[in-house]
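S.K.: Make a model of this:
(one chain, ligands or ions: 1)
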Amino acid sequence: MIKINEIFYDIEGEGKNSGFLTLFIRVSGCNLRCKWCDTKYAYYKGKYRTFKYLINKIKNSPFKHINITGGEPLLYKKEIKKLIKLIKNKYITIETNGSIPIRDIKVNNISMDLKLPSSNEHKKMLFENLKYLKEKDQVKLVIGSKNDMIYAKKILKKYKTKAPIIVQPVYKKFSIEKIKKFILKNKLEWKLSIQLHKLKNY
Ligand code: SF4
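M.R.: The predicted structure follows:
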């Protein structure tokens, strides 16, 4: 059983698969408390669901993309690994906050956050995770200040990764233009993006 906060369809709003209609499975509970967290409602609320229940939901989804998110799904690592093995013929993304080892997670796309100083949780990151990520995975940076970019540049120079670096501003709190200028000035191979699912009235 896994404690699930919500299961819903939406467009993938972040990262390299943004734009695909996706079935999201949001696990309840998180070990971090990021300052700008937009899923605080998932810290405690949820219902325990069986593997059978979850697999049925996944099987009945007309879409290929499944996103297991949170909260922090790897708090239930043993159960999540079992669930992944039971899922057939889908493209699985796991979103994880970067504070839990990912080496033994085998999915199509590990989408790992690298928390930055403006989150107040950057000291909880396991930097060695970066070396286990592959090109098929992604590192997500949510930028809330210039200091965040300077810090991220320093960390990513020290801890190399094969995964693409995807950067986005904290929603309505930081300027995409400032990130662009920083990328240009520092000649960084970062992919700039926005949270597509927040543009409901575009
Ligand atoms: S890791 Fe994600 S869910 Fe947990 S506090 Fe940070 S933003 Fe919220």
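S.K.: ok, residues contacting the longest strand seen in the chain?
M.R.: In the chain, with assignment by DSSP state E, the single longest strand is strand 2-11. Under the criterion C-beta atoms under 8 Å, 6 or more residues apart in numbering, residues 18-29, 41-42, 45-49, 51, 54, 57, 61, 63, 70-71, 76, 79-80, 83, 196-197 lie in contact with strand 2-11. Where you see a C-beta, it was placed from the backbone N, CA and C, and this is true even at glycine.
S.K.: ok, which of these also contact the ligand?
M.R.: By C-beta under 6 Å from any ligand atom, the members of the contacts of strand 2-11 lying near the ligand are G70, G71.
S.K.: helix or strand for Y53, which one?
M.R.: Assignment of secondary structure by DSSP states H and E places Y53 within helix 51-59.
S.K.: Same question for F24.
M.R.: Taking DSSP H and E as the criterion, F24 maps to strand 21-27.
S.K.: Packing partners of that strand?
M.R.: If you count contacts as 3 or more C-beta pairs under 8 Å, 6 or more residues apart in numbering; DSSP states H and E, strand 21-27 packs onto strand 2-11, helix 51-59, strand 65-69.
S.K.: most packed of those?
M.R.: Of all the helices and strands packed on strand 21-27, strand 65-69 has the most neighbours on average by mean count of other C-beta atoms under 10 Å, namely a mean of 23.
S.K.: hmm, it touching the ligand?
M.R.: No: counting by C-beta under 6 Å from any ligand atom, the ligand is not contacted by strand 65-69; separation bottoms out at 8.3 Å.
S.K.: just use 22 as the starting number from now, easier for me
M.R.: Right, with 22 as the first residue, what we last looked at is strand 86-90.
S.K.: Kindly calculate the angle that that strand makes with strand 23-32.
M.R.: Relative orientation of strand 86-90 versus strand 23-32 (axes from the mean of the first three to the mean of the last three C-alpha atoms, to 10 degrees): 130 degrees.
S.K.: re the thing from before, what element comes up after the strand holding F45 heading to the C-terminus?
M.R.: The first helix or strand that comes after strand 42-48 along the chain, using DSSP H and E, is strand 68-70.
S.K.: quick one: strands adjacent to that next one?
M.R.: Sheet pairing of strand 68-70 (DSSP bridges) gives strand 23-32 (antiparallel).
S.K.: sorry, back to before: what does the helix holding Y74 contact?
M.R.: 22-23, 25, 28, 44, 46, 87, 100, 103-104, 107-108, 111.
S.K.: could you redo the last one with a cut-off of 10 Å?
M.R.: 22-23, 25, 28, 44, 46, 68, 70-71, 87, 89, 100, 103-104, 106-111, 113 (C-beta atoms under 10 Å, 6 or more residues apart in numbering).
S.K.: what mean pLDDT would you report for it?
M.R.: Per-region confidence: helix 72-80 scores 97 on mean pLDDT.
S.K.: Could you check the angle that helix makes with strand 86-90?
M.R.: Using the same axes, to 10 degrees: helix 72-80 against strand 86-90 is 140 degrees.
S.K.: Pull out the buried positions in stretch 177-194.
M.R.: Using 16 or more other C-beta atoms under 10 Å as the burial criterion, the residues of stretch 177-194 that qualify are L177, T182, A184, P185, I186, I187, V188, Q189, P190, V191.
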